[in-house]
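K.L.:
Build me a model:
(one chain, ligands or ions: 2)
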Amino acid sequence: MAAQETADNKYVYDFAEGNKDLKDLLGGKGANLAEMTNLGLPVPPGFTITTEACKAYLATGREPDGLAGQIEAHLVALEREMGRSLGDPQDPLLVSVRSGARFSMPGMMETVLNVGLNDRSVVGLSAQAGQNDRFAWDSYRRLIQMFGKTVCEVPGEEFEHALDEAKRAKGTTNDLDLDADDLRGLVDAYKKIFLKHTGRDFPQEPREQLDLAIRAVFESWNAERAVLYRRQERIPADLGTAVNVVAMVFGNLGPDSGTGVAFTRDPGSGAQGIYGDYLANAQGEDVVAGIRNTVPLQELERLDKKSYDELLGIMARLEGHYKDLCDIEFTIERGKLWMLQTRVGKRTAAAAFVIAGQLVDEGLIDLDEALHRVNGAQLAQLMFPRFQLDHEFQPVAKGIGASPGAASGKVVFTSARAVELAAEGEAVILVRRETNPDDLNGMIAARGILTSRGGKTSHAAVVARGMGKTCVSGADEIEVNVPAKRFVVDGRTVSEGDVVSIDGTTGKVYLGEVPVMPSEVVQYFEGSLDPEHIDNALVRAVHRVMTHADAKRRLAVRTNADTGTDAARARRFGAEGIGLCRTEHMFLGDRRELVERLILAATATDRQDALAALLPLQRADFVEIFREMAGLPVTVRLIDPPLHEFLPPLEQLAVNVAVAQERGEDVAKEEALLAAVRRMHEENPMLGLRGVRLGLVIPGLFAMQVRAIAEAAVAVTRDGGAAFPEIMVPLVGAVQELETVRTEAEKIIAEVVGDSGVEVLIGTMIEVPRAALTAGQIAEAAQFFSFGTNDLTQMGWGFSRDDVEGAFFWRYLELGIFGISPFESIDRDGVGRLVRIAAEEGRAARPGLKLGVCGEHGGDPDSVHFFHEVGLDYVSCSPFRVPVARLEAGRAAIETDGSDSR
Ligand code: PEP
Ligand code: MG
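P.N.:
Ligands and ions are numbered 1, 2, ... in the order given. Coordinates of the predicted model:
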C-alpha cells in the first residue's frame, strides 16, 4: 500500500485487508464489508478509515498526520480498480461516504451519497447511464441536498420545500414525474440555497467534497442525537466512528434496478424464512427512511429471478458463516446484485430466544452459546403483559408489527409533546407519518410509536426494537396531520389526548384502552403452560435455555418476600428460598394499634402486654411463609425501620390535636402520641434509631420476633413439615452489636426448639460500610452474611436513597459520573469493593460462611454477574425478577467459568 503507512499509523484499510473481528478499528459496517469481500461476495470496492483516525480528529480538531496521503493512495487504487476517476467529466467514479461505529446506531450519524458529482461530471454520469439525463440530475440534486444538510448544516426543510415547489409547478406530487429539465432547475435552486446558508458555492472539487464529507462523519459522532442514543443504549462515548468510502452502485437506474433490506429470519418472531422489503428504482436511503412504501422481498422473485436466487444463496451462506440471524442491505444495478452491508441483526426479545433454540437444533451452536445469546433484559420484556381482546375491540387500522408488546396511551404528534406529557406521568403514544432521528427524545418518552409509513426496517421500527418499545409502522389507513394535531382513520378523527392502543406483534391499532393479559412466558413460569405439550416456539425455547442456565449456574436464587402469596409465586418462578423477609410490613394495617401501644408503653408491663399481643400474630405470619417454602431456607430479618414510621406524621398529628383541642374534645391519647412522635423525631432517620439499634434500645422487641420465628418453625415441623429459618440482624456495624443480640436470641431459641430438631441460624446484614470493613470480626459471630446493597450504596456514596435519584442523578448521568444509577446496578469499584472485601475477610475468618445479597441489585443482570465473580452463594430479588436472576446467573457461569463453544 501507500508509502505513508507504517504499522502504527495505518488509518485506512482496503476492504480486502479487514475482517469481521476488527469491529473496534473498522466499525461494524467496515468490518463486515471486509468479511463479505473476503468471502468472495459481490461488494462494491472501497476502503475504511479507522475509528482511530476519528478519535484523533475529535481530540485535536484536525485530521491526523498521514491520513490525507493514505486516503489519496487508497483512492488511486480504487480508481484503478474501477477504471474511473473521481470527478472525471467523461466517465466519473462516484463514492458514498458512510459512518459505521463499533455498535450499530441506526440513522444516528451521517451518510453522503454520490460524492464526485459536479457541473461537469454530471454530464459524464448521464452518458455512463446510457444518456440518462434524468438520473444524472437527480443524483446531483441528491448530492447537494445530502451534502448541504449533513456536511454544511443547511436546514433540510429548505431543500424539501424547493422539491415540493418543483412538483407543484409540474402539477404532480410524485418525484418520478420530474424530468431532467425540472431536476436541472432544482439543482440550480439547491445551489442557491447552499450559497445562501454557507456563503460559498457548492464545492466543485471532488476531493474537497470527499474530505468535507469524511470530516462531517467524524463530527457526527458527537451530534446531539448520537450522544443521546449512546446514553440510552449504554454505548461508550469514546469509541469514535469509522468512515467507509465505497464505489457507488445505483438502484435508481430504472425498473431493472432497486434496493432492499433483508433478514435471514424474522427479526420479530424468529420464524424461519425470508423477510425483507424491496423498492424498485430507488436508492438505499429511501428504504431505511421509510419514504416510499416497499414491497415484500418475495416480490423480487417475480421482478428479477436471477438476482433473487443469488440473494437467497448469499443469505444462506452468511447465516452459516455468522451462525446467526443476519440482516442485509443490497442494491441491484441493472440486474447485477451488490451487497452493501451485513451484520448480525437486531431482533426482538422473543426472536432472540426462538432463534437461539433453532440454531441449536440446526447444529450451528451449542446450548452454552444459546444461553450466551439471550439476556435477562430480554426475558424481563417477555414477561410483560399483552392485550386481552374480545369482540368489543375492533382494530381501526393495521400496520406492520414492527416491535412487539402492547401499549395504550394518549396520542401525541410531536416528540416535544411526548416528552412533556410523559414528564407529567401520562402514558403516550407518539404518532408520526414516519420518524427520523430527531424524534428520539419522544420515542424514549413514549409507551409506543405508531407511524403511517415505512416497513419493518424503517427508522421507527429499528429504533423501537432496539429499545424494546412497542411499535406499529406503516399503518397507511391513518392520515396523520401533525400541524392540526390529529389523525383520521376510517372516517373518524383522533385528536391529541385521545387514547389509542397499539399491538406491536400484530400491527393492529385500536381506539380506546384495550385491557391486557399476562404473557405466555409468565404463564409458563407459573406452571400453567407445559413446554413439552404446547406448540409454542417461544415457551419451548425459554424452557430450554432456562433449564440450561439452571444446570450451569453456581449462584442460587432466592426471593425477597414477606407474605405467603409472594413466597408461593416466587417458588413457581424458581426461587430456592427466601433471602429477605422484611418483618416491618407485618406491623401495618390493623396491627398498627399494637405497635402504638408498644411505643407508648409507660411501664415494662405495658410493653410486655403489647409484645405478648403481637407474638401470636407474628408466629402465624411465619407459619404461613415456612409452609409455602417447605423446608427451603427462609431468612427473616428482625425489624429495621425507625419506629416512628408506624406512627402518623408529625404535622398531621399536630393539626389533629390542635383542631380537637379547639373543639374541646378529649385528646389525651393523641397528645401522648404527638409527644412520642416529637421525642422520636430524627433529622436523619435513615442514620438514626433503626435496625439493630432499635433491638438494643427497646427491650423485648427482637426477643418477641425471635420467639415467634422459633415457635413457628417448631409448629410447622411438628405438623410434619420442614422449616429452615435464618434470623438476620439489620444495620450491624460492630461485632459487639451482633453478639449482644445473638446471646439473647440463642437463649430463646434453645428454650423454644428443645428437642424438635429445628435448627435456626443467626447471621447479619452487611449494609453499613463499617461492617464490610470489619467483616473478619463480624464473621466470628455470624453464621451468614447478606449484603444489603441498598443501604450499602446509600452509606457508601453518602446518597440519601429516598432523595437523590430525583434530585440530581440526571446531572450525574448527563456528566457520565455514572452510566446508570448505583441503586439500580452495583457500583463495582466502590460499593462492590466493600462487598468483595467483606466476602473475602468474612470467609477467611469463617470458612464456608454463607454469603448472599438481598438489596435490589440481586435482580439486576449486570450485578448478578458481579456477585457470581465475587463468589456469593446466592442472590435474592423480588419474585418477578427471579427468572431473570436465574438466567443471568447461568450466563455468568458460562462466561466466567468458560464455555465449550467459545
Ligand atoms: C438493603 O439495605 O439493601 C436491604 C435489603 O434492606 P432495606 O432495603 O430494607 O433497607
Ligand atoms: Mg437495608
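
K.L.:
Now that Q705 has come up, it's in contact with I639, right?
P.N.:
Yes - using Cβ atoms under 8 Å, Q705 is in contact with I639, at 6.6 Å. From N, CA and C alone the C-beta is placed, and that goes for glycine too.

K.L.:
Which one of these two is surrounded by more residues?
P.N.:
Higher neighbour count among Q705 and I639: Q705, with 26 against 23, using other Cβ atoms under 10 Å.

K.L.:
quick one on the thing from earlier: what is in contact with Q705 and I639 at once?
P.N.:
Taking Cβ atoms under 8 Å, 6 or more residues apart in numbering as the contact rule, Q705 and I639 both touch T583.

K.L.:
For the protein, list the residues in contact with ligand 2, please.
P.N.:
767, 788, 791 (Cβ under 5 Å from the ion).

K.L.:
if we go to 6 Å?
P.N.:
Residues of the chain that fall close to ligand 2, judged by Cβ under 6 Å from the ion: 767, 788, 790-791.

K.L.:
Out of those, which sit inside helices?
P.N.:
Counting by DSSP state H, the part of those found in helices is 790-791.

K.L.:
tell me the two of the residues of the chain next to ligand 2 that are most distant?
P.N.:
Spatially, the most separated pair among those is E767 and N790, at 7.3 Å (Cβ to Cβ).

K.L.:
So which of those two has more stuff around it?
P.N.:
Using other Cβ under 10 Å as the criterion, E767 and N790 rank with E767 on top: 28 against 15.

K.L.:
tell me the pLDDT at the nearest residue to that one once chain neighbours are set aside?
P.N.:
In space, E767 comes closest to G788 once its chain neighbours are excluded; the distance is 3.0 Å by Cβ to Cβ, 6 or more residues apart in numbering. If you check G788, the pLDDT there is 97.

K.L.:
thinking again about what came up before, closest one of the residues of the chain next to ligand 2 to L382?
P.N.:
L382 lies nearest to N790 out of the residues of the chain next to ligand 2, by Cβ to Cβ, at 26.8 Å.

K.L.:
show me the contacts for T348.
P.N.:
Contacts of T348 (Cβ under 8 Å, 6+ apart): 267-270, 403-404, 465, 468.

K.L.:
go with 7 Å
P.N.:
With contact taken as Cβ atoms under 7 Å, 6 or more residues apart in numbering, T348 is in contact with 267-268, 403-404, 465.

K.L.:
biggest separation within those residues, which pair?
P.N.:
P267 and P404 (10.6 Å).

K.L.:
just to revisit the earlier point, near the residue nearest to E767, how many other residues are there?
P.N.:
29.

K.L.:
Likewise for the one 5 residues further on?
P.N.:
Applying other Cβ under 10 Å, we find 26 other residues in the vicinity of T793.

K.L.:
try M36
P.N.:
Neighbours around M36, by other Cβ under 10 Å: 23.

K.L.:
how deep is P404 tucked in, by neighbour count?
P.N.:
26.

K.L.:
Can you name the residues that contact it?
P.N.:
P404 neighbours (Cβ under 7 Å, 6+ apart): 268, 348, 350, 470, 504-505.

K.L.:
for the closest residue to it other than its chain neighbours, helix, strand, or coil?
P.N.:
Distances taken as Cβ to Cβ, 6+ apart put T505 closest to P404, at 4.1 Å, once the chain neighbours are dropped. When classified by DSSP: H, G, I helix; E, B strand; the rest coil, T505 comes out as coil.

K.L.:
residues near T505, how many?
P.N.:
Neighbourhood size, T505 [other Cβ under 10 Å]: 19.

K.L.:
What about it? Give its phi and psi, please.
P.N.:
phi -90, psi -50 (degrees, to the nearest 10).

K.L.:
separation between it and A349?
P.N.:
Noted for T505: a distance of 12 Å to A349, by Cβ to Cβ, to the nearest Å.

K.L.:
In the stretch 201-350 of the chain, which residue sits nearest ligand 2?
P.N.:
R234 (27.2 Å; Cβ to the ion).

K.L.:
wait, which of the residues of the chain next to ligand 2 is closest to W338?
P.N.:
The closest of those, once distances to W338 are taken by Cβ to Cβ, is N790, at 55.3 Å.

K.L.:
Next one: that closest one from L696, what distance?
P.N.:
Going from N790 to L696 by Cβ to Cβ gives 22 Å.

K.L.:
Just give the closest residue to L125, not the sequence neighbours.
P.N.:
In this structure, L125 finds its nearest non-sequential neighbour in A136, 4.2 Å apart by Cβ to Cβ, 6+ apart.

K.L.:
hang on, isn't L117 packed against G124?
P.N.:
No - using Cβ atoms under 7 Å, L117 is not in contact with G124; the gap is 9.3 Å.

K.L.:
what's next to stretch 508-519, contact-wise?
P.N.:
Against stretch 508-519 from outside (Cβ under 7 Å, 6+ apart): 382-389, 393, 395-399, 406, 408, 450, 472, 475, 494, 499-502.

K.L.:
Buried residues in that stretch, which are they?
P.N.:
Going by neighbour count (16 or more other Cβ atoms under 10 Å), the buried part of stretch 508-519 is 508-511, 514, 516, 519.

K.L.:
could those residues go into TSV alongside distance to ligand 1, secondary structure and pLDDT?
P.N.:
Below are the buried residues of stretch 508-519 laid out as TSV (distance: Cβ to the nearest ligand atom, whole Å; DSSP: H, G, I helix; E, B strand; the rest coil; pLDDT from 0 to 100):
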residue	distance to ligand 1	secondary structure	pLDDT
K508	42	strand	94
V509	42	strand	96
Y510	40	strand	95
L511	43	strand	94
V514	36	coil	92
V516	30	strand	77
S519	28	coil	85
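
K.L.:
CA atoms of stretch 406-419 as CSV?
P.N.:
Backbone C-alpha positions of stretch 406-419 (Å, rounded to 0.1, in the frame of the first residue of the first chain) are rendered in CSV as follows:
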residue,chain,number,x,y,z
ALA,A,406,-48.9,-3.9,23.9
ALA,A,407,-49.2,-0.2,24.6
SER,A,408,-52.0,2.2,25.3
GLY,A,409,-51.8,5.9,25.8
LYS,A,410,-52.7,9.4,24.8
VAL,A,411,-52.0,10.3,21.3
VAL,A,412,-49.3,13.0,20.7
PHE,A,413,-47.9,14.1,17.4
THR,A,414,-44.6,15.6,18.3
SER,A,415,-41.5,14.5,20.2
ALA,A,416,-41.7,17.6,22.4
ARG,A,417,-45.3,17.0,23.4
ALA,A,418,-44.4,13.3,24.1
VAL,A,419,-41.7,14.4,26.5
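
K.L.:
which of the residues in it are buried?
P.N.:
406-415, 417-419.

K.L.:
which residue sits closest to T150, ignoring its sequence neighbours?
P.N.:
The nearest residue in space to T150 (Cβ to Cβ, 6+ apart) is E110, at 4.3 Å.

K.L.:
The one you found: neighbouring residues, count only.
P.N.:
Using other Cβ under 10 Å: E110 sits among 24 other residues.

K.L.:
What residues does it make contact with?
P.N.:
99, 150, 216-217, 220.

K.L.:
Same question for F626.
P.N.:
634, 712-713, 716, 723.

K.L.:
Now it: closest residue in space that isn't a chain neighbour?
P.N.:
Nearest one to F626, counting by Cβ to Cβ, 6+ apart, is A723 at 3.9 Å.

K.L.:
what separates the one you found from V557, distance-wise?
P.N.:
With distances taken as Cβ to Cβ, A723 is found 20 Å from V557.

K.L.:
likewise G721?
P.N.:
Distance from G721 to V557, by Cβ to Cβ: 22 Å.

K.L.:
Between those two, point out the one with more neighbours.
P.N.:
V557 (31 against 15).

K.L.:
Show me where the stretch 1-150 of the chain has its strands.
P.N.:
With strands called from DSSP state E, counting those that start in this stretch, the stretch 1-150 of the chain shows them at 12-14, 46-49, 85-86, 92-93, 95-101, 111-115.

K.L.:
tell me the angle of the fifth one relative to strand 111-115?
P.N.:
In this structure, strand 95-101 runs at an angle of 160 degrees to strand 111-115, with axes from the mean of the first three to the mean of the last three Cα atoms, to 10 degrees as the basis.
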